[in-house]
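1. need a structure here:
(2 chains, ligands or ions: 2)
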Amino acid sequence: MPLLEIKDISISFGGIMALSGISLQVQEEKIIAVIGPNGSGKTTLFNCLTGIYHPNEGEIHLNGENILRLSPDAIAELGIARTFQNLRLFMNMNVLDNLLVGRHLHFRKNPLLPMLRIRKEEILHRKIIEEIIDFLDLQAYRKARVADCPYGVQKRVELGRALALEPKLLLLDEPISGLTSEEKEEAAYRINEIRGRFQMTILLVEHDLRIASRLADSMVAFYYGQKIAQGTPEEVQRNPEVIRAYLGDD
Amino acid sequence: MDLIESYKEDLRLIRRFGTGFWIVLLLIGLILLPWFAREYWVYVVTLIFIYSIGIQGQNILIGYTGQISFGQAGFLAIGAFTYGHLSLLGSPILVNLFFSGLMAGIFGILVGFPSLRLKGPYLAIVTLGFGIAVYQVFVNSEILSGGRMGLTIQKLQPLFGLSQMTTYYYFNFILVFLFTLLSYNLISSFVGRAFIAIRDNDIAAEAMGVSLTRYKLLSFAISSFYTGVQGGLYALLMGYLEPNMFTFLETITIFVAVIIGGLASVEGSILGAAFVVMVPQVFSNTKAFIPVIYGVTILIILIFEPLGLSGRWMKIRLYLRMWPFR
Ligand SMILES: Nc1ncnc2c1ncn2[C@@H]1O[C@H](COP(=O)(O)OP(=O)(O)OP(=O)(O)O)[C@@H](O)[C@H]1O
Ligand SMILES: [Mg+2]
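-> Ligands and ions are numbered 1, 2, ... in the order given. Predicted coordinates for the structure are as follows:
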């Protein structure tokens, strides 16, 4: 059984079909790259998968369970975490607290513990967070307010926050856009590491086709809300329709 | 930069020796106050204690969770009259106070429901409507409000040979101390982080598994609980109740205290409480000026010190810590 199975989902906004009849299967511990020109529906797909939008029709199954009508927090609980194309961080919190919000689901949430300041659980999660901090090289920023951090750091914090959920499926919306070329290489290396180290399946939206094809096991191409190609990265990039979509867009 | 040796140390309430020193000094000062201050000042500080509780609560809602509310007078009235009626039945003070908070908290949850759909000005209007509705209910229902005579409430009995005012002072001092600890503990826990996450970015909070429904309602419940307790303590201090004690001016007062003290700051809430209690005392001859002073202060704060009194305080502290460098 695939980890994620999308069956024929469609969604429209005031006449624009942002997605029409998209189907996709994602096997465990694979990295799938989603590509497509601007406005082709990549982010919309992520929003449907995380319950921010509810498709007009279709089905989305995670581990065989239909998640189509669930709220975002319920979907997160079932094991999908994401990053956002235009960062959505808790800007007034420090880096540590941002990452700790990512652990929210793993707290036992006994109301007496916070009231009496019993911090056993807090320390437990803090240890897990420290591993993520090491992995993402955020040591110097632990106590820095996120709004004061450079963009590259903010991107790492957002990735770390999603990792902290320990999801089965990780959705990364343009995780390396806006970074310097050196940071891009680091980020690509980390994304590859994540799969091995945290056993996660990754769905990746990326405009940088070179890096996307290096990372991905397979690739899907979108154009005006439709899936126009699917296969290995090489196959997809050789597909005439994909070439036309990209050239025609320029 | 402070060196931390364990996570536990990092999670302590008071991390710096200097901070601890000043807090102890402040607490000793407050404990000794009734022994050297005039009774009038003991009364004023008692009032500050009482207001501090409700204002901390409203800061949890407005400052930390980012939900606007103008229903404070309603929650105060519910807390106060719950206290009044229970007190008439002869039930003990602490039980009454608990039910003051609980009753207000339940209404808080009801008022919180619109917050799941509405934001900003729309939520402000709904909560405002609630405050006015509560006032109208009490004005029009003699059973609830005790009619023209109002409710007369058994006052606190003097204890340990202290004067009655001093007894009030210490009683409220202990309560505000406990509520302040509670606020700090909540804010630094997963609950507080969920609140701040909702305020800073509700979509991301939800995507991280924070249930907006649960935590917005929880924030309304907690904040109303605090405000209900404030109402109960106020009833106990005054010894009588009538609906006119809970007009829209009370809402303004609490709201102003939250802004002036500083959004999302527990210390700020206490400073804000001190401000709104002192202003009417200082201007007791020209009551009409009070809203004007509030308005002007808010303007000044928004322009020069958006973090409120607590922001100014932090800057002074930082300055003193760095002195004489920079
Ligand atoms: N909430 C919305 N309301 C109206 N239209 C929307 C909404 N969300 C998406 N759309 C439309 O859906 C289409 C797909 O947008 P989407 O953001 O998914 O594109 P994308 O592939 O992520 O593009 P980009 O590469 O620029 O990020 C666009 O035409 C967009 O205008
Ligand atoms: Mg996009």
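2. is it fair to say residue A:61 lies in a strand?
-> Yes: the assignment for residue A:61, made by DSSP: H, G, I helix; E, B strand; the rest coil, places it in a strand.
3. quick one, what contacts the residue lying closest to it once chain neighbours are set aside?
-> In space, not counting the residues next to it along the chain, residue A:61 is nearest to residue A:5; the distance is 4.4 Å by Cβ to Cβ, 6 or more residues apart in numbering or on different chains. Glycine gets a C-beta too; all of them are placed from N, C-alpha and C. The neighbours of residue A:5, taking Cβ atoms under 8 Å, 6 or more residues apart in numbering or on different chains as the test, are A:24-26, A:59-61.
4. Name the member of those residues that has the highest neighbour count.
-> Most neighbours among those, by other Cβ atoms under 10 Å in any protein chain shown: residue A:60, with 24 neighbours.
5. For that one, give the beta-bridge partners.
-> Residue A:60 forms beta bridges with residue A:6, as assigned by DSSP bridges.
6. how much space is there between it and chain B?
-> Here residue A:60 is placed at a distance of 16 Å from chain B (Cβ to the nearest Cβ, to the nearest Å).
7. That residue contacts residue A:48, doesn't it?
-> Yes: using Cβ atoms under 8 Å, residue A:60 is in contact with residue A:48, at 6.9 Å.
8. Quickly list what's touching both of these two.
-> Taking Cβ under 8 Å, 6+ apart as the contact criterion, the residues that touch both residue A:60 and residue A:48 are residue A:9.
9. And the residue nearest to the spatial centre of chain A, what's its pLDDT?
-> For chain A, the residue nearest the mean C-alpha position is residue A:171 (2.0 Å; Cα atoms, centre = their mean). Turning to residue A:171, the model gives it a pLDDT of 94.
10. May I see the contacts of residue A:5 arranged in JSON lines, with pLDDT as well?
-> What follows is those, written out as JSON lines (pLDDT from 0 to 100):
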{"residue": "A:24", "pLDDT": "91"}
{"residue": "A:25", "pLDDT": "90"}
{"residue": "A:26", "pLDDT": "90"}
{"residue": "A:59", "pLDDT": "91"}
{"residue": "A:60", "pLDDT": "93"}
{"residue": "A:61", "pLDDT": "92"}
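11. domains for chain A, by residue range?
-> A:1-79+A:167-250, A:89-166 (automatic domain parsing).
12. Can you add distance to residue B:144 and give those back as a markdown table?
-> Shown next, in a markdown table, are these (distance: least, Cβ to Cβ, whole Å):
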| stretch | distance to residue B:144 |
| --- | --- |
| domain A:1-79+A:167-250 | 38 |
| domain A:89-166 | 31 |
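13. Would you format those as a markdown table with distance to ligand 2 included?
-> Conversion of the domains of chain A to a markdown table gives the following (distance: least, Cβ to the ion, whole Å):
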| stretch | distance to ligand 2 |
| --- | --- |
| domain A:1-79+A:167-250 | 3 |
| domain A:89-166 | 15 |
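14. Out of these, which gets nearest to residue B:153?
-> Taking Cβ to Cβ, domain A:89-166 is the member of the domains of chain A nearest to residue B:153, at 28.7 Å.
15. and the closest one with chain B, contact?
-> Yes: legend: contact between domain A:89-166 and chain B by Cβ under 8 Å from any Cβ of the partner chain is shown at A:89-93, A:97, A:100-105, A:107, A:109, A:111, A:113-117, A:119, A:122-123, A:126-127, A:161, A:165.
16. so how many other residues sit close to the closest residue to ligand 2 within chain B?
-> Proximity to ligand 2, evaluated over chain B using Cβ to the ion, is greatest for residue B:203 at 14.6 Å. Around residue B:203 there are 15 other residues, counting by other Cβ under 10 Å.
17. Surely it touches residue A:51?
-> No: between residue B:203 and residue A:51 there is no contact under Cβ under 8 Å: 10.5 Å.
18. Which neighbours do those two have in common?
-> Overlap of the contact sets of residue B:203 and residue A:51 (by Cβ under 8 Å, 6+ apart) consists of residue A:72.
19. residue ranges of the helices in the stretch 201-326 of chain B, please?
-> Listed in chain order, the helices of the stretch 201-326 of chain B (DSSP state H, counting those that start in this stretch) span residues B:202-207, B:212-238, B:248-261, B:266-282, B:289-304, B:308-322.
20. Could you list the low-confidence segments of the chain?
-> Answering for chain A, as no chain was given. Counting by pLDDT under 70, chain A shows low-confidence ranges at A:248-250.
21. if you could check chain B rather than the one you did, that'd help
-> Low-confidence segments of chain B (pLDDT under 70): B:1-5, B:15-16, B:305-306, B:308, B:310-311, B:313-314, B:317-326.
22. Which residue would be the closest one in it to ligand 1?
-> residue B:203 (11.7 Å; Cβ to the nearest ligand atom).
23. Leaving out chain neighbours, which residue sits closest to that residue?
-> Counting by Cβ to Cβ, 6+ apart, residue B:203 lies nearest to residue A:88, which is 6.0 Å off, once chain neighbours are set aside.
24. Ok, residue A:78 next?
-> Spatial nearest neighbour of residue A:78, chain neighbours left out: residue A:62 (5.6 Å); criterion: Cβ to Cβ, 6+ apart.
25. again, but for residue B:180
-> With sequence-adjacent residues excluded and distances taken as Cβ to Cβ, 6+ apart, residue B:180 is closest to residue B:266, at 6.3 Å.
26. Can you say which two of the contacts of residue A:5 are spatially most distant?
-> A:26 and A:59 (14.2 Å).
27. does residue A:9 sit in a helix or strand, and which one?
-> Assigned by DSSP states H and E, residue A:9 belongs to strand A:4-13.
28. now do residue B:168
-> Secondary structure here is read from DSSP H and E; on that basis residue B:168 sits in helix B:164-187.
29. any bit of the helix or strand that that helix is followed by sitting next to chain A?
-> From helix B:164-187 onward toward the C-terminus, using DSSP H and E, the following helix or strand is helix B:190-200. Yes: with Cβ under 8 Å from any Cβ as the threshold, helix B:190-200 lies in contact with chain A, specifically through B:190-194, B:196-197, B:199-200.
30. Good, wrapping up.
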